[in-house]
Every structure is written in C-alpha cells, then in structure tokens.
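Visitor: need coordinates for the following:
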Amino acid sequence: SNFSSTRFFFFVYCAHGINTLVRNKKRKRENTMKKSTKRISAMILAAFMLLSVAGCTSGGDNKDNSSQSAGNDNKGGSSGNELRFTSWANTGEIKVLSRAIDAYNEKQSDVKIVFESSASDTYEQKLITALSGGTAWDAFYAGDATISKLIQNGSIEKLNDFMATEDSFCKVEDFADGLWGAARTDDGSIYGLPVDCNPTLLYYQPKMMEEIGANNPQDLWDADNWNWDTFDEILSKGLEADKQGFLFGGDNLSVYRFVSGAGGTMWQKDAEGNDLYQFDEKAKEGLQYCADRLADGRFTYSGLLPEGQGEDAQFISGLCVFSQAGRWNTPSFVEAGVDHDYIPYPSKDGTKFPPSQIATAYAAVNKNSKLKDEALKFITYYCSKDGQTDRLKDSDGKPGNAVPSINGLENLVTEGGIPEHASYLLEVRDTGWALGSDFARDSIYPSLDTEIKAIFEEIWVNGKSVDEILPKVEEKANEMIKEFNAQ
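Guide: Now for the predicted structure:
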C-alpha cells in the first residue's frame, strides 16, 4: 500500500540519519560511546513518534502533495472557471489550508478554487520560474523573503484599490499593523495579505526542568528574573545532564532575536536617508552573546544537525532543553504526547517581551491572471476573519498551527489552553517585528539575507571572531543596498 511504502522509505531515511550521527560522533566534543548510544536510541524513538504525526511544521514534508480537481493538467493558467491556488504544504497543512478553500467553494459558484501544494524547499524557485514563463497560478503564497522579489519584478497585483471596494472580504485596517513587512512598500502600496502569522518564542518541557535540576522558566518569569543569566544557568544544567542547551537556528533572524534582547539594532539611516546596515554597540553585544554560547557549547547550531534529525525531532526525543519556533510545532508535539510550554525570549536585563520575529507569509495575486478579479476576491476571503477561522480553529482536540493575523480572533489561540501559556503568542505578535519591517529590512533587498548568512556562518561553523566577520557582513550588505538603489 502507499502507507507501507511511505513507512519503508521513512525508516530507510531515519536509518541514514542515524548512520550519519554515528559517523560524525568523533567530531562532537567529549562524546562517549554511551552518549552516542543513548542519542541514537532517542532518535529511533523520535522517528517512530514522528511517523504517526501529520503536524504542521515549518520544515514539514518536502514532497509535492497536490489537491487538484479532475482534468487539471497542471500546465499553468486557468481552465474555464477554475482558479488555481498554490502554497508550500506538508500533508497536515494541506488539510488545514483546504478548510478555507472548501468553505469558499461552497459559498459561491463564480469560480472553483483548485489547490495545488508544492514542496517547501523548491517553492520559491518554482514560483518565480512559473511567473516568468507565464504558467503560474492565479493566486499563491509568497514567503516573507520572497515578496520583495515579486514586487521588484512586477509580477504581482497591488491590492489597495480592490480592498477599498465592497467586493473585498477584509480591509487593510483589519490586520495587526506590525505584520506587513516587505509586502507594504514605503509609499503604502500593499502587494500581499498576511495569511496568518507565527510569533517566535522558546519551547521547553517543564518535566525536563525538574529532571535536570533547573528552575522552571515560568517561575523565573513570574519572579521578574527571566534574563540572559538565568537562561544561561538552565543551559548549563542541560549540558551537565548530557543534553543540548539551545538549538540556535540556521538563519540571521536567530541572531536578531538576541540583538533585540540587548536593545540593539542593525538598520540605521545614512546622511541621505538611505538604509545602512550597521550593528550599533548593543547589537554587537547580542551578536557576541550568541557567538560565545556557540563556542562554549550551550548553543548548538541547528544548521549542522544531521540530515533527518531536525529541531522538532530533537525536542520530541528530549535531546535539547530549548527549541525555537512559532506555533507550527504545537500540533505535532501534542499528537506525539510531548509535555511542553512556551516562554518568550529572555532579554539581557530582564525586560519582558523583547521584540521577537513574527514569521509571516502573504497571499498574492498573479498580475497576469485571466481571473484577476476573482483571485483578488478569493484571497481577501482566505485572509478574512471567516477564512482564518476556517483554518486556525481547533480540530480533533489539536490546536491550530498559526496565529491569526487579523484582529478580533484571539480566542482561536487561547481556547483549549494548549499549551498553558498560549497567550504569549499574542503578546509577541503585538510587540514583535516581521521580516521587512524597520527592525529587519533584510527582505527589502533581494537575496541579501542569504548572502550575509553565508558570511555569518564563518562565526557559527568555523569559530571566527565577531570582530573579524561582522565588518565583512556589513560591507556585503551595504554593497547590495547600493546596487539595489542604483537600479
């Protein structure tokens, strides 16, 4: 059967990941055969648990999973009254997204929405290629690092005028203001609607804190004592218990969350009012904090985790003390039976809710769609109160995989009490920043994020100093900014 075949290849894949872990054990500091055996056993357990989980993770299932109507040849363009819509989605996410699509198909008969999911790791390239070749979908998701590229190449429709009409199911003012990011240009033009959002915070397991003899982060928070020092103490306890401390994500935004915790900023203005990428002194302090913790082992760079053994699997198997994510991991952890809760990122001085990243994606419309008006109407429904309620409400005892981007739906996050401090998601949403906002303007400049990430990795991977690498990062970023502005 298809399930048996999937299960077979899944275990082959996991076996390969375990083999990779064994081959690389000599590279891990103070690693012993006992430690390797314990971690391998834990990963096998995590593999079995993840097999039964169809949760909505950001990394997710990278296979193409398509939900299409019969007769659609998937060669681009619309067929009759079929409006084609795409997003990256794993198996669990297809079910979530389809709720709003099915509801819209039932409430109107002008068009039939045909949903075609795509693999997350090739999504951007596939979308840009289809748009340039005239075979793209009528409406689609655009990631927070992709939307600026689509605005720059003129392939997506401006939304302001349509949203001011009676045909629109939502208005600009309905959305939380901090979520527009790069989808709203400096002149106020809007090219994408926030489909929902995922404020990022820390996941931890309360029972593990007892096991390793550490203070519960929530107790520290309640005592106004949640800061870098108390965070460090818990990480050290984790290392003593043969666990990874904090899984530091493989992107620039992981750095920015600690820059924010130090009260710093990377984005300035030059004398002419143009963007200038330059770490201030507090930002350098946040960067140095991350570099020091990676050097002493309290942080583990997740970009070096063996293939198939990502952050969610590490957390489920109890190999790490803290993992960072948005709400997307919660349904998986619930289904896997993992006791967990949220805590906001710590700040250096204990200030609560230092602004953190809000992961966003946007619904956009193909400027050359033959069903442009219908596509505009559809995405305003998909992102409206009704559309987000369809997608994000609890289902079968499991919470949704994201947080509403539209005001007035806070109950979708807090009802059910999973996890106990789910309300922190709303606080982070209301105080955080989206990629492309004034705090993190990286995505305004196409490919800037990937270019400077490669340079930052000289610190994370090769142990180079902040003093040596940061000037190279700033030089590259400002070079790209000037090139963009000269176009």
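Visitor: now the strands for the stretch 151-300 of the chain?
Guide: 193-199, 201-204, 244-248, 267-269, 275-277, 299-301 (DSSP state E, counting those that start in this stretch).
Visitor: format these as TSV; extra columns: distance to Gly143 and mean pLDDT.
Guide: For the C-beta atoms, the positions are set from N, CA and C on the backbone; glycine is no exception. Listed next are the strands of the stretch 151-300 of the chain as TSV, based on distance: least, CB to CB, whole Å; pLDDT from 0 to 100:
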stretch	distance to Gly143	mean pLDDT
strand 193-199	11	96
strand 201-204	20	97
strand 244-248	21	96
strand 267-269	20	96
strand 275-277	21	97
strand 299-301	22	95
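Visitor: nearest to Gln314, out of those?
Guide: Proximity to Gln314, assessed across the strands of the stretch 151-300 of the chain by CB to CB, is greatest for strand 244-248 (6.3 Å).
Visitor: in that closest one, what counts as buried?
Guide: Buried residues in strand 244-248, counting neighbours by 16 or more other CB atoms under 10 Å, are found at 244-248.
Visitor: want to throw those residues into CSV with distance to Cys170?
Guide: Shown next, in CSV, are the buried residues of strand 244-248 (distance: CB to CB, whole Å):
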residue, distance to Cys170
Gln244, 42
Gly245, 42
Phe246, 38
Leu247, 36
Phe248, 37
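Visitor: can the strands of the stretch 151-300 of the chain go into CSV with extra columns for distance to Thr330?
Guide: Converted to CSV, the strands of the stretch 151-300 of the chain look like this (distance: least, CB to CB, whole Å):
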stretch, distance to Thr330
strand 193-199, 10
strand 201-204, 8
strand 244-248, 16
strand 267-269, 31
strand 275-277, 34
strand 299-301, 22
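Visitor: give me whichever of those strands is most buried.
Guide: strand 193-199 (a mean of 26; mean count of other CB atoms under 10 Å).
Visitor: any low-confidence regions in the stretch 201-350 of the chain?
Guide: The stretch 201-350 of the chain contains residues with pLDDT under 70 at 250.
Visitor: show me the strands in the stretch 351-487 of the chain, by range?
Guide: 358-365.
Visitor: any low-confidence regions in it?
Guide: Short version for the stretch 351-487 of the chain, where the test is pLDDT under 70: none.
Visitor: the stretch 51-200 of the chain too?
Guide: Along the stretch 51-200 of the chain, segments meeting pLDDT under 70 span 51-80.
Visitor: how about the helices in it?
Guide: Secondary structure of the stretch 51-200 of the chain (DSSP state H, counting those that start in this stretch): helices at 91-107, 123-133, 147-152, 160-163.
Visitor: could you dump those helices into TSV with distance to Ala363 added?
Guide: Output for those, formatted as TSV (distance: least, CB to CB, whole Å):
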stretch	distance to Ala363
helix 91-107	10
helix 123-133	13
helix 147-152	10
helix 160-163	12
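Visitor: which of the ones you listed is buried the deepest?
Guide: Ranked by mean neighbour count, the helices of the stretch 51-200 of the chain are led by helix 147-152 with a mean of 22 (mean count of other CB under 10 Å).
Visitor: picking that back up, nearest to Gly416, of the helices of the stretch 51-200 of the chain?
Guide: helix 91-107 (15.8 Å).
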